[in-house]
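**Q** What follows is a predicted structure for the sequence shown.
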Amino acid sequence: MNEMMYADNYSRQFHAQDEFFDCLKAIGGRSRWERKRSKDLRLVAFTDEDSKIAKELKEQYEQEGLDIGILTDTMENTRLVLKAKDKYYPVRSCAIKTILDRAGISGAVLNRLEKNVYARILNDCLKITKGESLLRISDGKVSAVHGGDCCDYSILDMEQVFAHVVEFLNKTFPGASFLGGFYDHTRASGLWELSRNDELLGAYRKELENCGLDSDDMKAALRVSTSDVGTSGANLYPMLLCGPKQNTIALGDPLRLSHENGVTLEQFDKQLGLLFGKYQAALKNLTRLLGILITNPGNCMIGIMKKVKVPKRYITEALNLFISQNGTGSCTAHEIYCGMSEVIFMLTCEGESGGHIATMEEKLARALSLDWKEFDVPGEIKW
């Protein structure tokens with residue numbers, strides 16, 4: 001296991017399911033949850049590794065067997081520690097949003113303030129915050145500060161979430177195989193190829209064949225993502241793997257289960273039970289694109305990708321590739337959506353983190369619910 005796992009920018013990719021679970025188990029073993037009164041929490045600017053706070057933390061880490069590099073990493077990132085009565089916790093970057101949410105404030109201007117001023121503003125708000133806070137402590141840092149009351153954040157153990165997924169897939173889709181996964185401090189995600197494609201994809205394959213399109217290289221896949229820090233629920237994303245490169249194509253909104261209102265793993269199991277129906281509904285949306293004729297495909301692709309907030313560089317690369325392969329004549333919205341999905345392959349080739357790739361998949365999936373004819377406009381589009 002990477003000894004720099006405490007670093008804010010830590011991320012790891014996995015090709016074997018056992019390695020993925022070993023990582024999740026190790027993370028769980030070095031993490032814990034603590035409840036504190038919200039009004040007892042204070043942020044302190046951490047601007048000097050020789051300060052009294054740093055000396056206390058170094059002694060604490062020596063006793064607990066933690067790496068004092070945690071302090072250096074904090075200096076390079078948030079430069080903040082969270083004080084809960086007489087104990088200090090360096091603040092990880094992914095914790096900032098939850099701390100702001102707990103304090104009930106937001107605004108980009110906060111990031112431009114000096115750390116002492118920033119901490120003072122948040123502390124003034126925390127002083128009057130009611131109830132408890134639920135702290136996620138991992139590798140010597142606080143990774144999140146959730147609401148700690150009964151209807152607030154509900155803990156779903158990440159290792160158990162994925163264990164339930166594997167158990168379900170083994171029963172429902174015998175032969176399902178792990179394709180890859182990733183972990184960073186914002187989320188963990190795994191991708192599985194599903195067997196029994198004929199049941200899942202039969203109707204969609206038939207529609208493709210009716211349109212003269214090849215479906216031989218197509219497979220169903222499932223991405224599962226979850227988080228302990230508020231960036232993701234326990235979410236199930238239906239996917240397709242297509243073409244010789246087995247590019248991933250997102251199939252719309254996932255089955256979402258938020259960490260709130262006392263949610264349990266039993267409720268997550270119910271979500272897994274809805275997966276077959278989710279695929280049918282999602283593929284119906286994708287099939288709909290086969291019947292939408294687009295006369296200005298370049299402009300439509302630009303407009304759709306801008307709408308779902310894909311960066312300009314990737315829009316340009318996807319557009320150039322699409323035109324080189326398909327020309328500029330009329331085509332279906334389905335062809336354009338498949339062309340947009342090349343962005344995922346580009347990110348993979350560039351070695352982007354799993355978190356960035358998963359976020360891009362979510363962005364592209366939003367395109368399925370848009371009115372594509374609205375973006376089928378002639379003329380030159382200004383960027």
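**A** Structure's in. What do you need?

**Q** now the strands for the protein?
**A** 11-14, 31-37, 41-45, 80-84, 87-90, 132-138, 141-147, 177-184, 188-193, 219-226, 235-242, 247-250, 293-294, 331-332 (DSSP state E).

**Q** Would you mind measuring from the spatially closest residue to residue 235 that is not a sequence neighbour to residue 236?
**A** Excluding the flanking residues, the one nearest residue 235 by Cβ to Cβ, 6 or more residues apart in numbering is residue 254, at 4.4 Å. All C-beta atoms are positioned from the backbone trio N, CA, C, and that covers glycine. Distance, residue 254 to residue 236, by Cβ to Cβ, to the nearest Å: 5 Å.

**Q** Kindly report the same for residue 373.
**A** As judged by Cβ to Cβ, residue 373 and residue 236 stand 30 Å apart.

**Q** who's more crowded, the two?
**A** residue 236 (22 against 13; other Cβ atoms under 10 Å).

**Q** which residues does the more buried one bridge with?
**A** residue 224, residue 255 (DSSP bridges).

**Q** got the contact list for it?
**A** 222-224, 254-255, 271-272, 275, 278 (Cβ atoms under 8 Å, 6 or more residues apart in numbering).

**Q** How about residue 283?
**A** Taking Cβ under 8 Å, 6+ apart as the test, what residue 283 contacts is 200-201, 203-204, 251.

**Q** Also residue 368?
**A** With contact taken as Cβ under 8 Å, 6+ apart, residue 368 is in contact with 250-252, 282, 285-286, 289, 337.

**Q** out of those residues, which are buried?
**A** Neighbour counting with 16 or more other Cβ atoms under 10 Å marks 250-252, 282, 286, 289, 337 as buried within those.

**Q** OK, contacts around residue 102?
**A** Neighbours of residue 102 in contact, by Cβ under 8 Å, 6+ apart: 38, 41, 126, 129, 133, 145-147.

**Q** Pipe those residues into TSV and attach distance to residue 359, pLDDT and neighbour count per row.
**A** Listed next are these as TSV, based on distance: Cβ to Cβ, whole Å; pLDDT from 0 to 100; neighbours: other Cβ atoms under 10 Å:
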residue	distance to residue 359	pLDDT	neighbour count
38	30	92	21
41	29	94	24
126	30	92	23
129	30	90	17
133	27	95	27
145	23	96	31
146	21	96	26
147	24	93	19
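
**Q** Columns distance to residue 169 and pLDDT on top of the contacts of residue 368, output as CSV?
**A** Shown next, in CSV, are these (distance: Cβ to Cβ, whole Å; pLDDT from 0 to 100):
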residue, distance to residue 169, pLDDT
250, 19, 91
251, 17, 91
252, 20, 86
282, 18, 90
285, 23, 89
286, 22, 92
289, 28, 95
337, 26, 96
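
**Q** Would you reformat those as a markdown table and include distance to residue 66?
**A** Formatted as a markdown table, these follow (distance: Cβ to Cβ, whole Å):
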| residue | distance to residue 66 |
| --- | --- |
| 250 | 39 |
| 251 | 42 |
| 252 | 43 |
| 282 | 44 |
| 285 | 48 |
| 286 | 48 |
| 289 | 52 |
| 337 | 47 |
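
**Q** Spit out the contact partners of residue 290.
**A** 207-208, 211, 332-334.

**Q** meant to ask about residue 285
**A** 251-252, 368-369.

**Q** sorry, back to before: I'd like the list of the buried ones among the contacts of residue 368 that fall within helices, please.
**A** Among these, DSSP state H puts 282, 286, 337 in helices.

**Q** Tell me the pLDDT of residue 9.
**A** pLDDT recorded at residue 9 is 93.

**Q** ok, how many other residues are close to it?
**A** Neighbours of residue 9 using other Cβ under 10 Å come to 12.
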